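Participant: I'd like to go over a predicted model; first the sequence, then the structure.
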Amino acid sequence: MKRHVLFGLVAVGACLMTVTVACSSSDEATPKTQGDAGSTGAETGPDPQDECANAPPPAPKGDCTNTKCSAQLGEPATCVNNQCVKLKSDLCPNVLGAADDDDAIFFGTLLSLTGANASSGLNRQNSVQLAVDEINNAGGIPSADKCAKPRKLAFVGCDDQPDEVKAANHLTTDLGFAAVIGAGTSGKTVNAATKSTIPAKALLFAPSSTAISITGLAASPDGVRLVWRAAPSDVIQSKAMELVIGELAGKVTGTVKLAIISKSDAYGVGLDSELRKNLKFNGAGYDDPANASNRLTQCFNPSPAAGQQPTSTDACPVDKTTAAAVTALKGLQPDIIVLNGTAEAITEILVPYEASAEGQAKKPLYMIPDGPRKTELITAVTASPELRTRIRGTVPGTLTTLGQDFFSYRYTAAHPDNPQLVFGMAGSYDATYMIAYSIASGGGKQPITGTSIASGFTKLIAKGSTSLDVGPAKINTGFSTLVSGGSVDFNGASGPLDFNPQTGEADSDFTVWCISNDPNTNKPYFNDATSQSYDATAKALKGTFICP
């Protein structure tokens with residue numbers, strides 16, 4: 001299929017988050033010429049308007065354009081292979097950005113807009129929208145041809161529930177998009193990549209997927225890797241978790257009882273397997289016979305449909321329902337519970353187990369990685385304030401100035417009704433900027449494909465080049481450098497993002513977080529400022545854990 005000059009992102013976080021959002025008035029900003037890039041004072045050199053006064057007019061677009069297709073079909077549409085195609089579908093309800101611009105470059109998101117992970121999906125989609133609005137407000141993506149009009153961005157936001165492959169196929173096959181941001185969870189990322197985006201040779205950029213299996217995907221059909229992620233592999237997270245679990249074990253008097261409960265997907269099973277390799281407690285390895293009566297290993301299949309049986313795996317053979325996991329926990333009454341899953345690990349395991357343990361003298365400590373760090377956990381702590389003192393977790397990245405600037409100022413101002421910071425938001429924001437910068441590095445001289453975008457990423461990871469911070473402050477400098485053939489060292493809100501182009505991922509330190517209570521609002525919130533983090537290079541915890 002001839003690929004339309006568009007690109008798509010798979011979102012798993014709705015707007016990177018969910019509902020349809022009106023186009024920002026910033027989309028109507030007057031485009032800047034390339035001569036504006038990085039300007040802080042009077043321009044020097046010839047006026048681009050004078051240079052372009054005698055340039056030949058652009059070729060007529062014909063009858064198949066965004067505006068004409070939208071009018072013909074009575075809803076947002078675009079032109080693919082000279083045919084009008086609707087941008088929306090049953091799983092792709094949102095069209096955001098400059099979709100009514102006939103020169104717009106499209107991409108897609110594949111995020112969880114409904115279901116258990118909708119809260120994080122919506123925030124991630126909102127983060128993508130924020131980046132799109134900032135890029136469009138700066139005028140759009142310029143071309144090496146100073147007389148060419150910069151091109152703005154638009155995206156189609158899809159839900160990865162219940163069928164991520166169907167949604168991804170709408171972006172890659174129906175619409176011909178070259179890039180997708182998503183999906184929301186590791187299992188859906190693997191499924192969408194292997195069954196849709198890789199066969200279509202579209203780029204898939206996952207903002208929050210950490211499963212170990214993603215590294216091994218055969219994602220380079222043309223010799224260029226087409227699956228990238230802003231989150232590091234759980235090989236690193238498991239090391240951080242081992243050390244945090246060790247600190248929690250030090251708080252237990254006597255023999256430690258430990259339970260690892262994991263979701264039966266790529267994320268949960270991968271973490272379970274990696275943790276059990278090296279984790280030690282009671283002076284012995286996790287799987288050592290000496291700990292046989294002190295451990296519980298169980299994977300769960302959340303709420304299977306009526307008559308559907310959970311599927312066992314070799315990596316985590318005790319595969320049952322969430323209710324069975326709660327029953328098993330009651331039998332062991334562990335001192336420490338590790339929850340490797342997503343939102344259902346909170347709503348279907350932690351909450352009912354805590355209710356069953358009401359009145360017990362011994363309450364468990366919880367080790368929670370990035371997956372279950374969602375608004376459902378804040379809701380559980382709100383209902384039971386004492387619970388927050390027993391929770392410690394890990395999340396990729398450390399609190400950076402760029403991350404604080406992205407969330408505390410720009411995101412919160414743009415979305416005041418949804419101010420919760422969740423993992424994957426900064427990665428979604430960064431992915432959008434990286435795709436835009438990569439397209440700019442082509443100078444408008446080559447077709448926009450998944451391979452060309454992935455190849456362009458190498459221009460963003462050049463150590464020793466101009467340092468380029470994500471966000472609107474340096475956007476014109478970034479575009480000017482890349483369009484003219486230069487390279488940059490891109491720094492994201494989610495971290496430095498020093499990618500390995502062969503794996504599409506970057507190593508990362510990890511924050512050790514807790515849940516604190518805001519003294520002004522008396523509401524709990526995720527607190528990343530605990531003074532403790534995991535140093536991936538030193539393979540050690542740094543700092544002393546403090547949770548006010």
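Facilitator: Cool, the structure landed.
Participant: quickly find the element holding residue 85.
Facilitator: According to DSSP states H and E, residue 85 maps onto strand 83-86.
Participant: export that strand as CSV, just CAs?
Facilitator: C-alpha atoms of strand 83-86 as CSV (Å, rounded to 0.1, in the frame of the first residue of the first chain):
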residue,chain,number,x,y,z
GLN,A,83,-9.4,8.0,-1.3
CYS,A,84,-11.2,9.7,1.5
VAL,A,85,-11.0,7.8,4.8
LYS,A,86,-12.7,8.6,8.1
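Participant: so how far is that strand from its chain's centroid?
Facilitator: From the chain centre to the centre of strand 83-86 is a distance of 29 Å (C-alpha atoms, centre = their mean, to the nearest Å).
Participant: each with direction, which strands does that strand pair with?
Facilitator: strand 77-80 (antiparallel) (DSSP bridges).
Participant: what residues does the partner strand touch?
Facilitator: In this structure, residues lying in contact with strand 77-80 by C-beta atoms under 8 Å, 6 or more residues apart in numbering are 4, 6, 64-66, 69-70, 84-87, 99, 106, 174-176. The C-beta positions use only the backbone N, C-alpha and C, and glycine is treated the same way.
Participant: tell me which stretches of the stretch 251-400 of the chain form strands.
Facilitator: Along the stretch 251-400 of the chain, the segments classed as strands by DSSP state E, counting those that start in this stretch run 258-263, 280-281, 284-285, 295-300, 319-320, 336-340, 365-368, 391-396.
Participant: worst mean pLDDT among those?
Facilitator: Sorting the strands of the stretch 251-400 of the chain by mean pLDDT places strand 319-320 lowest, at a mean of 75.
Participant: the contacts of strand 77-80: which two are farthest apart?
Facilitator: Spatial extent of the contacts of strand 77-80 (C-beta to C-beta) is set by the pair 65 and 174 at 17.9 Å.
Participant: for the spatially closest residue to residue 548 that is not a sequence neighbour, what are its contacts?
Facilitator: Nearest residue to residue 548, sequence neighbours excluded (C-beta to C-beta, 6 or more residues apart in numbering): residue 516, at 5.5 Å. Counting by C-beta under 8 Å, 6+ apart, residue 516 touches 388, 524-525, 527, 547-548.
Participant: could you rerun that using 7 Å?
Facilitator: Neighbour list for residue 516: 524-525, 527, 547-548 [criterion: C-beta atoms under 7 Å, 6 or more residues apart in numbering].
Participant: which of those residues lies closest to residue 93?
Facilitator: residue 525 (29.9 Å).
Participant: count the neighbours of the closest one for me.
Facilitator: Residues lying near residue 525 (other C-beta atoms under 10 Å) number 16.
Participant: list the contacts of it.
Facilitator: Taking C-beta under 7 Å, 6+ apart as the contact definition, residue 525 lies against 516, 518.
Participant: what score does it have for pLDDT?
Facilitator: 93.
Participant: mind listing what's buried in the host helix or strand of it?
Facilitator: Assessed by DSSP H and E, residue 525 sits inside strand 523-527. Across strand 523-527, burial judged by 16 or more other C-beta atoms under 10 Å covers 524-527.
Participant: any idea of the mean pLDDT in stretch 426-440?
Facilitator: 97.
Participant: where in this structure is pLDDT low?
Facilitator: 1-50, 55-61, 302-319 (pLDDT under 70).
Participant: most centrally placed residue in this protein?
Facilitator: The chain has residue 207 as the residue nearest its centroid, 2.0 Å off, counting by C-alpha atoms, centre = their mean.
Participant: now for that residue: which residues touch it?
Facilitator: Going by C-beta under 7 Å, 6+ apart, residue 207 touches 124, 181, 230, 424, 427-428, 431.
Participant: ok, 8 Å please
Facilitator: 12-13, 16, 124, 181-182, 229-231, 424-425, 427-428, 430-431, 494.
Participant: can you check residue 530 too?
Facilitator: Residue 530 sits next to 511-514, 543, 545-547 when contact means C-beta under 8 Å, 6+ apart.
Participant: give me the buried entries from those.
Facilitator: Among the contacts of residue 530, those buried by neighbour count (16+ other C-beta under 10 Å) are 511-514, 545, 547.
Participant: out of those, which is nearest to residue 253?
Facilitator: Nearest member of the buried ones among the contacts of residue 530 to residue 253, counting by C-beta to C-beta, is residue 545, at 19.1 Å.
Participant: correct me if wrong: the closest one contacts residue 533.
Facilitator: No. Residue 545 lies out of contact with residue 533 (C-beta atoms under 8 Å); the separation is 9.9 Å.
Participant: pull up the overlap in contacts between those two.
Facilitator: Common neighbours of residue 545 and residue 533, using C-beta under 8 Å, 6+ apart, are residue 512.
Participant: picking that back up, among the contacts of strand 77-80, name the ones in helices.
Facilitator: Members of the contacts of strand 77-80 lying in helices (criterion: DSSP state H): 66, 69-70.
Participant: checking the closest residue to residue 411 other than its chain neighbours next. Helix, strand or coil?
Facilitator: Distance criterion C-beta to C-beta, 6+ apart; nearest residue to residue 411, sequence neighbours excluded, is residue 130 at 5.7 Å. What DSSP: H, G, I helix; E, B strand; the rest coil gives for residue 130 is helix.
Participant: in contact with residue 130, which residues?
Facilitator: Applying C-beta under 8 Å, 6+ apart to residue 130 gives the contacts 410-411, 414-415, 429.
Participant: is residue 339 in a bridge, and if so with what?
Facilitator: Beta-bridge pairing for residue 339 (DSSP bridges): residue 261.
Participant: any idea how far it lies from residue 281?
Facilitator: To residue 281, residue 339 is 17 Å away according to C-beta to C-beta, to the nearest Å.
Participant: same thing with residue 127?
Facilitator: Note on residue 127: its distance to residue 281, by C-beta to C-beta, is 38 Å.
Participant: more crowded one of the two?
Facilitator: Taking neighbours as other C-beta under 10 Å, residue 127 and residue 281 compare with residue 127 leading, 37 against 24.
Participant: for that one, grab phi and psi.
Facilitator: phi -70, psi -40 (degrees, to the nearest 10).
Participant: pull the contacting residues for the closest residue to residue 220 other than its chain neighbours.
Facilitator: Excluding the flanking residues, the one nearest residue 220 by C-beta to C-beta, 6+ apart is residue 226, at 6.7 Å. Residue 226 is in contact with 193, 197-198, 201-204, 219-220, 450-451, 454, 504, counting by C-beta under 8 Å, 6+ apart.
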